[in-house]
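# Prediction below, plus the sequence it came from.
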Amino acid sequence: MAETNGAGQAQQPPKMSILAQFIRDLSFENILSQKGVTGEVQPDVQVQVNLDAKKRTAENQYEVVMKLKIESKAKGSNDVLFLMELDYAGVFSIENVPEEQMHPFLLIECPRMLFPFVRRIVSDVSRDGGFPPLNLETIDFLALYRNEIARRQATPEGTAQA
């Protein structure tokens, strides 16, 4: 049974398409080779993910940016092996999403669409930088979103920003 809006018209299902995607910023620093470290090292990889979304001037268009900071350190010595920073953006056309659901849609569904491309870039750049290809684990964007909302509600100034 189709849902209806207040006017009795059938509500259309959400519609999303990726209009463009691109690397906004990319930095890779091979610290291991700069220091001349030799021998076998066991990496400990830390990944930080930040998301940003904004409305564009064109109707129904939004830009979502996934920002990754990846730091690989040697287990034991804690020496930095490499540092990678990647800002990857997607421009989306989104229709039929209620306004109150747009924020989670932009920060959960859109990054899910971008993630396979981000994963490939990280793998290629780490391999081309002289390391084994880094295959990122799948990111749970729903959990990330919920954690951020909980963090904002826990801080007094965060309630005004949310």
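Everything's here; your move.

# Please count neighbours and contacts with C-alpha atoms only from this point.
Will do.

# who touches the biggest helix by length in the chain?
Ordering each helix of the chain by length in residues (DSSP state H) puts helix 110-128 first. Helix 110-128 is contacted from outside by 21, 28, 64, 66, 88, 90, 92, 132-136, 141, using CA atoms under 8 Å, 6 or more residues apart in numbering.

# just for the chain, where's the confidence low?
1-10, 36-40, 157-162 (pLDDT under 70).

# And the strands in it?
15-30, 43-55, 61-74, 80-95 (DSSP state E).

# Tabulate the ones you listed (a markdown table), appending distance to residue 110 and mean neighbour count.
Converted to a markdown table, the strands of the chain look like this (distance: least, CA to CA, whole Å; neighbours: other CA atoms under 10 Å):
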| stretch | distance to residue 110 | mean neighbour count |
| --- | --- | --- |
| strand 15-30 | 9 | 14 |
| strand 43-55 | 9 | 14 |
| strand 61-74 | 7 | 20 |
| strand 80-95 | 8 | 20 |
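
# Compile the ones you listed into JSON lines and extend it with columns for distance to residue 148.
Listed next are the strands of the chain as JSON lines, based on distance: least, CA to CA, whole Å:
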{"stretch": "strand 15-30", "distance to residue 148": "23"}
{"stretch": "strand 43-55", "distance to residue 148": "10"}
{"stretch": "strand 61-74", "distance to residue 148": "15"}
{"stretch": "strand 80-95", "distance to residue 148": "19"}
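
# Show me the one of those strands that comes nearest residue 146.
Nearest to residue 146, of all the strands of the chain, is strand 43-55, at 12.9 Å by CA to CA.

# List the pairing partners of the closest one within its sheet, with orientation.
When pairing is defined by DSSP bridges, strand 43-55 lines up against strand 61-74 (antiparallel).

# contact partners of the strand it pairs with?
By CA under 8 Å, 6+ apart, the surrounding residues in contact with strand 61-74 are 41-56, 79-94, 106-107, 110-111.

# Please export the C-alpha coordinates of that strand as PDB.
Extracted C-alpha coordinates of strand 61-74, given in PDB (Å, rounded to 0.1, in the frame of the first residue of the first chain):
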ATOM      1  CA  GLN A  61      21.600  19.300  -5.400                       C
ATOM      2  CA  TYR A  62      23.800  18.500  -2.400                       C
ATOM      3  CA  GLU A  63      27.600  18.100  -1.900                       C
ATOM      4  CA  VAL A  64      28.900  15.500   0.500                       C
ATOM      5  CA  VAL A  65      32.600  15.400   1.500                       C
ATOM      6  CA  MET A  66      34.200  12.400   3.100                       C
ATOM      7  CA  LYS A  67      37.400  13.400   4.900                       C
ATOM      8  CA  LEU A  68      39.800  10.600   5.800                       C
ATOM      9  CA  LYS A  69      43.000  10.800   7.900                       C
ATOM     10  CA  ILE A  70      44.900   7.600   7.900                       C
ATOM     11  CA  GLU A  71      48.000   7.100  10.000                       C
ATOM     12  CA  SER A  72      50.100   4.000   9.900                       C
ATOM     13  CA  LYS A  73      52.500   3.500  12.800                       C
ATOM     14  CA  ALA A  74      54.900   0.600  13.600                       C
END
